[in-house]
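> show me the folded form of this:
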Amino acid sequence: MTVDTSVTLCGLRLDNPVIPASGTFGYGNEFREFYDINILGSFSFKGTTREARFGNPTPRIAECRAGMINAVGLQNPGIDAVIREELPRLKTFFRKPVIANISGFSIEEYAYCSERIDREEQVGIIEVNISCPNVRHGGMSFGTSPEAAAQVTRAVKAVTTKPVVIKLSPNVTDIVAIARACEEAGADGICLINTLLGMRIDTLRRRPVIANTMGGFSGPAVFPVAVRMVYQVAKACSVPVVGCGGVTTAADVIEMMMAGATAVEVGAANLVNPYASKEIVEALPAEMERLGIERLSEIIGIVE
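All right, here's what the predicted structure looks like:
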């Protein structure tokens, strides 16, 4: 049985739907020593802001059963350094269009960074993160209001030519209302979910494990929540959905696609096992054969 793992996301053809999620794959260079990352559909690079950011104080990682909490705080070198240093270096070893993840603390910052990155030839899709729950006064405020989410979407679409995918927060009451607001404002796609808000306490020290008190909870434990939200949004919106949250296996990718995802991001698994995304890509054909699936593109949203 010959299988076809390719999908088309916002007009971009991907060899397979597997995309390492932003913040878990750096700018690609960190993983090139482990394997040829051209095996991937694409990857979403580290969330990038206008100015360089050192991030939150340490400790900023906490282990949990079936997951982890992080409050890294969007540590990145800033948009100028990414354009000047990271993208030219990426071009030397990655032959496919990359997904540029943009974060911001104001509508103006989102628009500025998106406009700058839109000019870069190797960027195929702009992923706008309005959902990061671990930065004080950051994207969370935009991602929890349909009106604010729509404002960011409109501002970014006004200054860009490439497809714009809005990455949503799951820390909301009605994910569908926010997704629809983004679609109506011109979003070309929706990515969900980002991390849930979580907390751990060091009972010996009687204080939070993370210096920031709370952080983003990710890993296998959030997968059922992600599948549910992908299903809801895919049924309510006509733009493609990128599924993300707790994906660790090829079977998870197929389940997420059946719920309605066109492509699937792999996040925390990359931090546990640097070969996670590669292993998922390599396992996909056998899993497709086991389930009698010839073309992955045909199972998108197949579950009623």
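> I'd like to know how far Ala148 sits from Ser169.
According to Cβ to Cβ, to the nearest Å, Ala148 stands 11 Å off from Ser169. The C-beta positions use only the backbone N, C-alpha and C, and glycine is treated the same way.
> what is the burial count for the nearest residue to Lys278 once chain neighbours are set aside?
In this structure, Lys278 finds its nearest non-sequential neighbour in Tyr35, 4.9 Å apart by Cβ to Cβ, 6 or more residues apart in numbering. Using other Cβ atoms under 10 Å, Tyr35 has 16 neighbouring residues.
> can you pull the pLDDT of the most far-flung residue of the chain relative to its centre?
Most distant residue from the mean C-alpha position of the chain: Leu204, 35.0 Å away (Cα atoms, centre = their mean). In this model, Leu204 is scored at 97, pLDDT.
> returning to what we had before: in terms of helices and strands, where is the residue nearest to Lys278?
Assessed by DSSP states H and E, Tyr35 sits outside every helix and strand.
> got the confidence number for it?
So Tyr35 comes in at 98 (pLDDT).
> and for Ala148 and Ser169, which residues touch both?
Taking Cβ atoms under 8 Å, 6 or more residues apart in numbering as the contact rule, Ala148 and Ser169 both touch Ile130.
> between these two, who's got more neighbours?
For Ala148 versus Ser169, neighbours defined as other Cβ under 10 Å are more numerous around Ser169 (26 against 17).
> where's the more buried one relative to Ser145, distance?
10 Å.
> could I get the contacting residues of the nearest residue to Ala276 once chain neighbours are set aside?
Spatial nearest neighbour of Ala276, excluding adjacent residues (Cβ to Cβ, 6+ apart): Ala269 at 3.9 Å. For Ala269, the contacting residues are 24, 219, 247-248, 276-277, 280, by Cβ under 8 Å, 6+ apart.
> measure Ala269 to Arg89 for me?
For Ala269 relative to Arg89 (Cβ to Cβ), the value is 25 Å.
> same check, this time on Gly143
Applying Cβ to Cβ to Gly143 and Arg89 gives a distance of 31 Å.
> likewise Asp15?
From Asp15 to Arg89 the distance is 22 Å (Cβ to Cβ).
> what's the answer for Pro57, then?
In terms of Cβ to Cβ, Pro57 sits 29 Å off from Arg89.
> Phe105 now?
Relative to Arg89, and taking Cβ to Cβ, Phe105 is found at 27 Å.
> and these two? which has more neighbours close in?
With neighbours defined as other Cβ under 10 Å, Phe105 and Arg89 compare such that Phe105 has more, 19 against 13.
> hang on, isn't Thr161 packed against Asp118?
Yes - at 5.9 Å, Thr161 counts as touching Asp118 under the criterion of Cβ atoms under 8 Å.
> so between those two, which is more surrounded?
Taking neighbours as other Cβ under 10 Å, Thr161 and Asp118 compare with Asp118 leading, 17 against 10.
> residue contacts, that one?
Per Cβ under 8 Å, 6+ apart, neighbours of Asp118: 126, 159-162.
> tell me which residues of the helix or strand where the residue nearest to Ala276 lies are tucked away?
Assigned by DSSP H and E, Ala269 belongs to helix 268-272. Across helix 268-272, burial judged by 16 or more other Cβ atoms under 10 Å covers 268-271.
> can you pull out the strands in the stretch 201-304 of the chain?
Shown for the stretch 201-304 of the chain, the strands assigned by DSSP state E, counting those that start in this stretch span residues 201-202, 207-208, 215-218, 241-244, 261-266.
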